[in-house]
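>>> Quick one, structure for this:
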Amino acid sequence: MAEHDLSSQLADWIVGLMTASAEPSPTRDYYFVLLRQGRGVPEAVGLAVDDLLEEVRTAVSREESYNPRAHRARLGLQSNVPFSEHRLPRPALVRRIVQERMGYATTHTGRGNRRGER
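Model prediction:
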């Protein structure tokens, strides 16, 4: 149960990084860079999440805290990546991708019957 709580907190943190109200972050900026390179939204979110999770894993293995400045430097990101609120991914997409990357299967509930199924 405690592991799920930590995973949920991590997912909440990552979703929060990708919101318009969040401070600029290497993850959100990397997402925008990937979009400008022609990646689609789900792919860009997935790559940005993968990169952040790897950065966090590395910090934990070194018994260090996550360092956004070091992360930004490793990615080679400028400090002023253009921000476009309307290009931000939906929080549900970010959460789903984070959960998939962390190994939690997502459950989908149907919104009605398909072709007369009861």
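
>>> going forward, measure contacts and count neighbours with C-alpha atoms only.
Will do.

>>> pLDDT weak spots in this structure?
Within the chain, the stretches with pLDDT under 70 are 1-4, 105-118.

>>> in which helix or strand would I find the residue most central in space within it?
The centroid of the chain falls nearest to residue 49 when counting by Cα atoms, centre = their mean (3.9 Å). Take DSSP states H and E as the rule and residue 49 turns out to sit in helix 41-61.

>>> If you count neighbours, what's buried in the helix or strand hosting residue 69?
Assigned by DSSP H and E, residue 69 belongs to helix 68-75. Across helix 68-75, burial judged by 16 or more other Cα atoms under 10 Å covers 71, 72.

>>> likewise stretch 81-96?
Neighbour-count burial for stretch 81-96 flags 88, 89, 91, 94, 95, 96 (criterion: 16+ other Cα under 10 Å).

>>> residues in contact with the nearest residue to the residue nearest to the centre of the chain once chain neighbours are set aside?
Computed as Cα to Cα, 6 or more residues apart in numbering, the closest residue to residue 49 that is not its neighbour in sequence is residue 98, at 6.6 Å. Applying Cα atoms under 8 Å, 6 or more residues apart in numbering, we find residue 98 in contact with 11, 14, 46, 49.

>>> What's the local residue count around the first one?
Other residues within reach of residue 11 by the criterion other Cα atoms under 10 Å amount to 20.

>>> just the helices in this protein please.
With helices called from DSSP state H, the chain shows them at 2-17, 26-36, 41-61, 68-75, 91-101.

>>> Kindly reformat the contacts of residue 98 as TSV containing distance to residue 27.
Listed next are the contacts of residue 98 as TSV, based on distance: Cα to Cα, whole Å:
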residue	distance to residue 27
11	13
14	9
46	11
49	7
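
>>> Name the nearest of these relative to residue 68.
Distance to residue 68, by Cα to Cα, is smallest for residue 14 among the contacts of residue 98, at 12.9 Å.

>>> roughly how far apart are that closest one and residue 38?
According to Cα to Cα, to the nearest Å, residue 14 stands 22 Å off from residue 38.

>>> Repeat that for residue 8.
From residue 8 to residue 38 the distance is 30 Å (Cα to Cα).
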